[in-house]
Structure formats: C-alpha cells, structure tokens
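S.K.: Quick one: sequence and predicted model below, then my questions.
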Amino acid sequence: MPDEPGQPDPHRHDTLLYLDGVSVAFDGFQALNNLSMVVGRTEMRAVIGPNGAGKTTMMDVITGKTRPDSGTLRFGETIDLTRHDEADIASFGIGRKFQKPTVFESHTVEDNLALALKGRRGPFAALFHVASDDERQRIDDLLSLIRLAHLRAAPAGGLSHGQKQWLEIGMLLAQDPQLLLIDEPAAGMTDAETAATAELLRDIARTHSVVVVEHDMAFVRALDVKVTVLHEGSVLAEGSLDHVSANRKVIDVYLGR
Ligand SMILES: Nc1ncnc2c1ncn2[C@@H]1O[C@H](COP(=O)(O)OP(=O)(O)OP(=O)(O)O)[C@@H](O)[C@H]1O
C-alpha cells in the first residue's frame, strides 16, 4: 500500500534516514523543534534555510555530535542513531564533510585517497599495508569520479579551493559511506567549479544518499533535487525548488530577504 504523503514509514526498505519529531534545546533555545525528514536510498536532498534555522544542528544530531532531547532518528531499517556515539555512527556508513576542506597538503592527491582508504583499517594496519590491485583500481575510480585524475601526482596543497573540496569528497567516499552529509560545498567556488560540483554530487547520488546544506541557490537549482526548507528548527516547506520558491512563507523568511 502506498504511503500517505507526509506519513513516512521508517521500515520501508527504500528509506535510509528517518527523523521524526526531533527536538534539541540549548539553554532553553529550541535549535530543532519537532523536525521530521525522510531521505531515501540513493536520494540527494538539498537543505536550505536562513542562518540559525537549525541546519548544522540537524547534521550534528544525525552524526551523534549532539544528542536530541526527543524524537526518533533511524538509519536503515534498524539502527537507532540516538543510542550510538559519533564513532559508531561513522562506522555504520554516515560520512560528513564540513565546509572547510582538510586535506593533507604536503601529500599528493593520490596519497590522500590512499590514506583515506587505508584509514578504514586503523592506523597500525594502514602503516604496514601495501596497496592491492583492488585498492589501486579503487583509487583510479575515485580520481576519475572527482575529476582529479590528471592531478594525481600533484601535492594537494597546490589544488584550487574547489579541487580541494572534491578531493575531500573523494576521501569521504573512500570510507564507503551510504549517506554523505555535505555542508556548503559551493561556498567560495568559482561558477565553473560550482557547476562541476553539482555534476559530481549527482554522479555520487547514483549510488549513495546525499544531504547537502547550501545557501547558493544557483547551485541548488543545478542539483535539481527535492529541497527541504528549515526555519526555526523545523520543516517550513519541502518539494522542488520551484515549489518551495513559490511558497509565501519561504519567501518571507528566506528567499525574499
Ligand atoms: N552548542 C550550542 N549551544 C548554544 N546554542 C547553539 C549551539 N549550537 C547551535 N546553537 C544555536 O542554535 C541555532 C541553530 O543553529 P544552527 O547552527 O544549527 O543553524 P544553521 O541553520 O546551521 O545556521 P547557518 O546557516 O548560520 O550555519 C542558532 O541560533 C545557534 O546559535
């Protein structure tokens, strides 16, 4: 039986991330207020909203950095994220990319990816590990996905800001997440980099779920995915960018300002 609109079912096999009635208060300030959102497998979702709307706090509760005061937070069909810490949650396959890229600047692009791949083994195993054919293939695949194959031997410190963001996305993918949470990837990018990043994320979303927090509306339009508008810690509107852009409340609190 099809779901009623607005009645997401956490046990559906095509739901990867399920938030229902999630609330968080800091010293009495309600940063998340009964927030509900469902992200499907291999769905990309854009999350927009004014400063202080709760976007970062939402990422923080999903990744276990902040504990919700109440609500349901489920990953896959069975994992209750409220019962796990950040390390567990990362190991379940939720990867997060912060706004500022943090690559190893003195290492080559390729070595950054190799380190991220080996990082899955733990530091000691990684130190004595020799790359297998599979791993070399995986690095090649990642390099072409993130559009940096021609720069594989270049030190990461010499990359442009946009290229560093792509490398960091590649390093995140090396850890095999099912869900990527990405914070303002287009910030500080050139128009060409912004367009290439939208294309890259669309490629990634063929096989992963992706939640992108972004303020750049041209970028959100290029993603061409369902948009969730947050305001005062809850969902103000949801739908295509055209749909939410026509919503009077969204114009008043965000787009029209
Ligand atoms: N650890 C904290 N302690 C106290 N207040 C907090 C804390 N974290 C967030 N807040 C407050 O909660 C509100 C929501 O913040 P949040 O960072 O989630 O918003 P945001 O939508 O990510 O905003 P921005 O677009 O500016 O990044 C803000 O008013 C913020 O000041």
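M.R.: Ah, there it is. Values in this document were obtained by computation on a predicted structure and should not be read as measured data.
S.K.: buried sites along the helix or strand harbouring Ala46?
M.R.: Taking DSSP states H and E as the definition, Ala46 sits inside strand 44-48. Within strand 44-48, the residues that count as buried by 16 or more other Cβ atoms under 10 Å are 44-48. Any C-beta I mention is one placed from the backbone N, CA and C, and that applies to glycine too.
S.K.: For Asp176, state which of those is nearest.
M.R.: Met44 (17.7 Å; Cβ to Cβ).
S.K.: Isn't the closest one up against Ala198?
M.R.: No - here Met44 does not reach Ala198: they are 10.0 Å apart, not a contact under Cβ atoms under 8 Å.
S.K.: where do the contact lists of the two overlap?
M.R.: Leu223 (Cβ atoms under 8 Å, 6 or more residues apart in numbering).
S.K.: For Leu223, which residues are in contact?
M.R.: 44, 46, 198, 201-202, 212, 214.
S.K.: Out of those, flag the one nearest to Ala87.
M.R.: Among the contacts of Leu223, and counting by Cβ to Cβ, the member closest to Ala87 is Val212, at 23.8 Å.
S.K.: Give the partner strands of the one helix or strand the closest one maps to in its sheet and their orientations.
M.R.: Element membership of Val212, judged by DSSP H and E, is strand 209-213. Strand 209-213 sits in its sheet next to strand 44-48 (parallel), strand 179-183 (parallel), going by DSSP bridges.
S.K.: out of those, nearest to Leu255?
M.R.: strand 44-48 (8.6 Å).
S.K.: I figured Asn247 hits Ser240, correct?
M.R.: No - Asn247 is beyond contact range of Ser240, at 11.1 Å (criterion: Cβ under 8 Å).
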